[in-house]
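Student: From the sequence below, what's the structure:
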Amino acid sequence: MDDEEAISRSLSGDLTAYEALVARYTALAHRTATMLGAGSEAEDVVQEAFVKAYRHLSSFRRDSPFRPWLLRIVANETHNLTRSRGRRSELALKLGATAELTAPDDPEGTAVATDRRARLLEAVRKLPDREREAVICRYFLQLSEAETAQVLDWPIGSVKSRTHRGLARLREEVGRDLA
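Tutor: Here you go, the predicted model:
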């Protein structure tokens, strides 16, 4: 069942159809919340986002894709959480999808890759919030510029400029070999 059918059936009261959407997008929503700063509270953020999405499913524009709409709710919930905490949450990026660039039997290569990854993640954590959010959406969540604009509720020009500035800061901080 595709998103459009699942949404139609959910709007008709079919909870099984909404469960299909939840199953399809839970991992991405969790990764988004974690990367945007929810940390250990990402599961709560995701749960609240799915509840809100269900409650407001009737206002979803059917001619738009569901994924960016849902991630926008996740981003808003994450923002609400971090704002309510009154401090910047520790960013816990997960790079499970990143392929190893070295062979497992190459301890030196593995150590270098681990060091580079740690330096990159630390540099991402230090970016100003808006640049960090743009870089995370574009490169860690692999969203298009249009999807990033929709998720973060920014004009596409802001996505481009903040992504550019964030990448420039990362190149400066970490070095060109990682950018």
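Student: use CA for all of it now, contacts and neighbours both
Tutor: Fine.
Student: Report the secondary structure element holding the closest residue to E147 other than its chain neighbours.
Tutor: Spatial nearest neighbour of E147, chain neighbours left out: P68 (5.6 Å); criterion: CA to CA, 6 or more residues apart in numbering. P68 is part of helix 66-85 when elements are defined by DSSP states H and E.
Student: list the helices and strands that helix packs on?
Tutor: In this structure, helix 66-85 makes packing contacts with helix 15-33, helix 42-55, helix 145-152, judged by 3 or more CA pairs under 8 Å, 6 or more residues apart in numbering; DSSP states H and E.
Student: any low-confidence regions in the chain?
Tutor: Scanning the chain for pLDDT under 70 picks out the ranges 85-106, 109, 175-179.
Student: now with 50?
Tutor: 87-102, 177-179 (pLDDT under 50).
Student: which residue ends up closest to the midpoint of it in space?
Tutor: T32 (2.7 Å; CA atoms, centre = their mean).
Student: Surely it is in contact with V74?
Tutor: Yes - in this structure, T32 is within contact of V74 by CA atoms under 8 Å, at 7.3 Å.
Student: List phi and psi for Q142.
Tutor: Main-chain dihedrals, Q142, degrees, to the nearest 10: phi 60, psi 40.
Student: what about it, how many residues close to it?
Tutor: Neighbour count of Q142, defined by other CA atoms under 10 Å: 12.
Student: go on, D2?
Tutor: Other residues close to D2 by other CA under 10 Å number 10.
Student: again with the one 10 residues further on
Tutor: If you count neighbours by other CA under 10 Å, S12 ends up with 10.
Student: do D44 as well
Tutor: Neighbours around D44, by other CA under 10 Å: 15.
Student: Could you measure from it over to A33?
Tutor: 10 Å (CA to CA, to the nearest Å).
Student: Y54 now?
Tutor: In this view, Y54 and A33 are 18 Å apart by CA to CA.
Student: between those two, which one's more packed in?
Tutor: Ranked by neighbour count (other CA under 10 Å), Y54 and A33 place A33 first, with 29 against 19.
Student: can you pull the contacts of the more buried one?
Tutor: 39, 42, 45-46, 74-75, 78 (CA atoms under 8 Å, 6 or more residues apart in numbering).
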